[in-house]
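Novice: here's a sequence, model it:
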Amino acid sequence: MQDAAHLRSSDDAARMEAGRHLGWNVIQSDDLTLRERGEQVIVEGGGQGHGVGLCQAGAREMAEEGSDFRQILTHYYPNTTNTSLAPESTRNR
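Specialist: Numbers count the residues shown, from 1 in each chain. Prediction:
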């Protein structure tokens, strides 16, 4: 764990390196700060993932709670419009 104090914070490389040391589900965001306190490394952060786009775990949870794909996409991509590119004759089959 000694190497963790030398990680750069707030980037994917730091999270990946920390994941190798701590386990892959411990730090879930690139938005993190690392600092030393004595022999400890303090990891502070917020959010999950990279902060852009759809969170697969969150989308799955929304689906399990009954949200359909339109509700999920609207949640993760507000102010967008969902349209079909398929010809009308092939929709809703």
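Novice: could you look up the SS state of E44?
Specialist: Classification of E44 using DSSP: H, G, I helix; E, B strand; the rest coil returns strand.
Novice: who does it bridge with?
Specialist: On the basis of DSSP bridges, E44 is bridged to T33.
Novice: while we're on it, how confident is the model there?
Specialist: E44 carries a pLDDT value of 78.
Novice: ok, now how distant is it from D31?
Specialist: From E44 across to D31, the span is 10 Å (Cβ to Cβ, to the nearest Å). C-betas here are computed from N, CA, C, even on glycine.
Novice: okay, the two: which has more neighbours?
Specialist: D31 (18 against 10; other Cβ atoms under 10 Å).
Novice: correct me if wrong: that one contacts V43.
Specialist: No - judged on Cβ atoms under 8 Å, D31 makes no contact with V43 at a distance of 11.2 Å.
Novice: quick one: M16 and S29, what's the gap?
Specialist: To S29, M16 is 12 Å away according to Cβ to Cβ.
Novice: try L85
Specialist: From L85 to S29 the distance is 33 Å (Cβ to Cβ).
Novice: and these two? which has more neighbours close in?
Specialist: Legend: neighbour count by other Cβ under 10 Å for L85 and S29, higher for S29 (15 against 4).
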